[in-house]
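Engineer: Would you be able to build a 3D model of this:
(one chain, ligands or ions: 2)
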Amino acid sequence: MAELRFPDGFLWGTATASYQVEGAVREDGRGESIWDRFSHTPGKTFEGQTGDVACDHYHRYPEDVEHMARMGMNAYRFSVAWPRIFPEGKGPVNQKGLDFYRRLVDALQGRHIQPCLTLYHWDLPQALQEKGGWDNRDTGRYFAEYAHTLYQALGDRVPLWITLNEPWVAAILGHAFGQHAPGFGDFPLAMRVVHHLLLAHGWAVEAFRHDGPRRAQIGITLNLSPVEPATGKEADGQAADLADRFTNRLFLDPIFRGAYPELPDLMRSALPQATPEEMERISTPVDFLGVNYYTRQVVEADPQGLYGVGMVPARGDLTEMGWEVYPQGLYDLLIRVHREYHPQAVYVTENGAAFADEIQDGEVDDPRRIAYVREHLSRAHAAIGAGVPLKGYFYWSLMDNFEWAFGYSKRFGLLYVVPGSLERVWKRSARWYAQVAQANAVPL
Ligand SMILES: OC[C@H]1NNC[C@@H](O)[C@@H]1O
Ligand SMILES: [Ca+2]
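Structural biologist: Ligands and ions are numbered 1, 2, ... in the order given. Prediction:
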C-alpha cells in the first residue's frame, strides 16, 4: 500500500493550552488571569462561555494522557498557566501549582510521551495587567523569572520549551482589535506590546542559556500564513507584501535577523525605538521555530482597509472558522521560512481544523478532518524531502476545548468532548491519526 514514510524519531503529538482545557480556575492557589477577567466580561465570548471548567483537564489529565498513549503519541504540547505558578505574576512560588505540572510531566514520561512546554499561551496574571500588562517592560522581566523557575523545576524532564505562543495574536487581537484579552483597541499600544513580547522572549531564552537545562531545546511558536495577492495587479502585490511584513515578518525578522522589517511610517512610528542592545536580546539564537499553520491569506489593495490592505473573503472548502482548507500553504510556508530564515529545526506546533462534528450512537465520523490532516501531512512530507528540517507535527487539538471568543462552539479536537459529562469520545480522525503515529507513515 502506498504510504509516505516520515524520518525516524519524528514527533507525533497533539497540542492544547492551559486556559482552553484545564478549568479548575480557583483550585490550589491559582491566581486570576486576563482571560478569566475577559471571558467573564459580558459580551466578550460566545454566549458568555468561560474557561472556568473547560475540559477539566486539571483533574482528568491521567485519562487524557492514557488517550494519547493509546493513540501512539510520542509527544504532547501543552502550556503552563503562569497564574498557577505565580498567582500575582511574581513573588513567592505557589508550590501546588507547580506540583500539577510535575504530575502531568510524570504521567507523560510514564507513557514515553515527550513533553513540549509552552511558557505563555495568553493567560497573563491579572495582577500584572493591573500594572500595565505587556505595555510595561517589567512584565517581560517577570516573565523571564517565571521561565527560570520552571527551568529549575522541570528542566531535566522537559526536552522542548517554547517561550511564547503566537505573540502576534496576543499583541494585535488583544490590544489593537480587542477580540482577545485584555481587549484594547489601541494600535500604538499593540505595537509597544509587540516589542515588549519580543524582549520577554529574548530574556527568557537568555535565562535558558545561562542556567537552563543542558540537553533541552528552546524556541518560539509563531502563527504564520502565506499571503497571496488577489490578482497580478501591482497594487495587489504591494498589499500582499505589506500584509506579509505585518503578520509574518514582524516577528520572523527580529528573531532571526535582529531587525524589524521595513514598515509604513505610521506602523513603524508606533514601534518603540529599539536599541541595538535590545535587538541583540531579541535575536538571541533559538534551537527551533514552532510554526502554527491553518490557512493562507489572500489580499488586495483596498483604500478602506487597514493600511490600504483588504482581506479577500475565503472561498471553496472552508472550515467552521471560515478558513480556507489550503494544504499547499503549509508547503509554501515551510519552504519560505527554511530558505529565508534558516531555523536549525522546525516543528509544526499547531495545524488542525474545526468541523461541524456530530455524535451519533457514540461515534463521530469526521472524514473532512481526516482529509485535512492527510493533505497537510503530505505537504509536510514534501517539505522534508525539499530539505526543511521538520522534526515533528502537533495536531491542534487533542480534544474539543475553549476556542477563545468562540467559546465551545468550534470543535478542533481528535477527541469529541461531550457537553456536561465532558466524556472524551474518539472521533474517526483519532483512530486514523493513531495509525499514522504508530506506522510513522501516512497512508495514501
Ligand atoms: O484557532 C485554533 C488555535 N489557533 N492557535 C492558538 C490556539 O489557542 C487556538 O485554539
Ligand atoms: Ca545577534
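
Engineer: Identify, by residue count, the longest strand of this protein.
Structural biologist: strand 297-306 (DSSP state E).

Engineer: What strands flank the helix or strand following it, and is each parallel or antiparallel?
Structural biologist: Following strand 297-306 in sequence order, the next helix or strand is strand 309-311 (DSSP states H and E). Applying DSSP bridges, strand 309-311 is found paired with strand 297-306 (antiparallel).

Engineer: Can you name the residues of this protein sitting close to ligand 2?
Structural biologist: 258, 283 (Cβ under 5 Å from the ion). (Glycine included, C-beta is placed from N, CA and C.)

Engineer: Within range of ligand 1, give me the residues from the chain.
Structural biologist: Within the chain, the positions near ligand 1 by Cβ under 6 Å from any ligand atom are 17, 20, 166, 292, 350, 396, 403, 412.

Engineer: Report the helix or strand with the lowest average pLDDT across the chain.
Structural biologist: helix 265-270 (a mean of 89; mean pLDDT, DSSP states H and E).

Engineer: Can you give me the end-to-end span of stretch 227-246?
Structural biologist: Using Cα to Cα, to the nearest Å, one end of stretch 227-246 lies 11 Å from the other.

Engineer: same for the helix or strand harbouring Asp36, what does it pack against?
Structural biologist: Using DSSP H and E, Asp36 maps to helix 34-39. Counting contacts by 3 or more Cβ pairs under 8 Å, 6 or more residues apart in numbering; DSSP states H and E, helix 34-39 packs against helix 126-129.

Engineer: can you pull the contacts of Ala147?
Structural biologist: Residues in contact with Ala147 (Cβ atoms under 8 Å, 6 or more residues apart in numbering) are 119, 163, 204, 207-208.

Engineer: ok, those vs Asp36, which is closest?
Structural biologist: Asp36 lies nearest to Leu119 out of these, by Cβ to Cβ, at 18.6 Å.

Engineer: Would you point out which residue of the stretch 101-250 of the chain is nearest ligand 2?
Structural biologist: As assessed by Cβ to the ion, ligand 2 sits closest to Gly202 within the stretch 101-250 of the chain, at 9.8 Å.

Engineer: actually the stretch 201-350 of the chain, sorry about that
Structural biologist: Ser283 (4.4 Å).

Engineer: Name the residues of the helix ranked longest in the chain that are buried.
Structural biologist: Longest helix in the chain by number of residues (criterion: DSSP state H): helix 187-211. The neighbour-count check on helix 187-211 (16 or more other Cβ atoms under 10 Å) flags 187-205, 207-208 as buried.

Engineer: residues in contact with the most centrally placed residue in the chain?
Structural biologist: By Cα atoms, centre = their mean, the chain has its centre lying nearest to Asn165, at 4.2 Å. Taking Cβ under 8 Å, 6+ apart, we find Asn165 in contact with 17, 79, 118, 120-122, 221, 292, 349.

Engineer: now do 7 Å
Structural biologist: Listed by Cβ atoms under 7 Å, 6 or more residues apart in numbering, the contact set of Asn165 reads 17, 79, 118, 120-122, 221.

Engineer: Nearest residue to it in space, please, no chain neighbours.
Structural biologist: Spatially, and ignoring its direct neighbours in sequence, Asn165 is nearest to His121 (4.2 Å; Cβ to Cβ, 6 or more residues apart in numbering).

Engineer: Tell me, how many residues neighbour the one you found?
Structural biologist: 24 (other Cβ atoms under 10 Å).

Engineer: cool, Pro272 as well?
Structural biologist: By other Cβ under 10 Å, neighbour count at Pro272 equals 14.

Engineer: Surely it and Val194 touch.
Structural biologist: No: checked against Cβ atoms under 7 Å, the pair Pro272 and Val194 is beyond contact range at 9.1 Å.

Engineer: got the CA positions of stretch 193-204 in PDB?
Structural biologist: The C-alpha coordinates for stretch 193-204 follow below in PDB (Å, rounded to 0.1, in the frame of the first residue of the first chain):
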ATOM      1  CA  VAL A 193       3.300  45.100  23.100                       C
ATOM      2  CA  VAL A 194       4.900  43.500  20.000                       C
ATOM      3  CA  HIS A 195       8.200  44.900  21.100                       C
ATOM      4  CA  HIS A 196       7.800  44.000  24.800                       C
ATOM      5  CA  LEU A 197       6.700  40.400  24.000                       C
ATOM      6  CA  LEU A 198       9.800  40.000  21.800                       C
ATOM      7  CA  LEU A 199      12.000  41.400  24.600                       C
ATOM      8  CA  ALA A 200      10.300  38.900  27.000                       C
ATOM      9  CA  HIS A 201      11.100  36.100  24.600                       C
ATOM     10  CA  GLY A 202      14.800  37.200  24.300                       C
ATOM     11  CA  TRP A 203      15.200  37.500  28.100                       C
ATOM     12  CA  ALA A 204      13.700  34.000  28.600                       C
END
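
Engineer: for it, what is the average pLDDT?
Structural biologist: The pLDDT scores in stretch 193-204 average 98.
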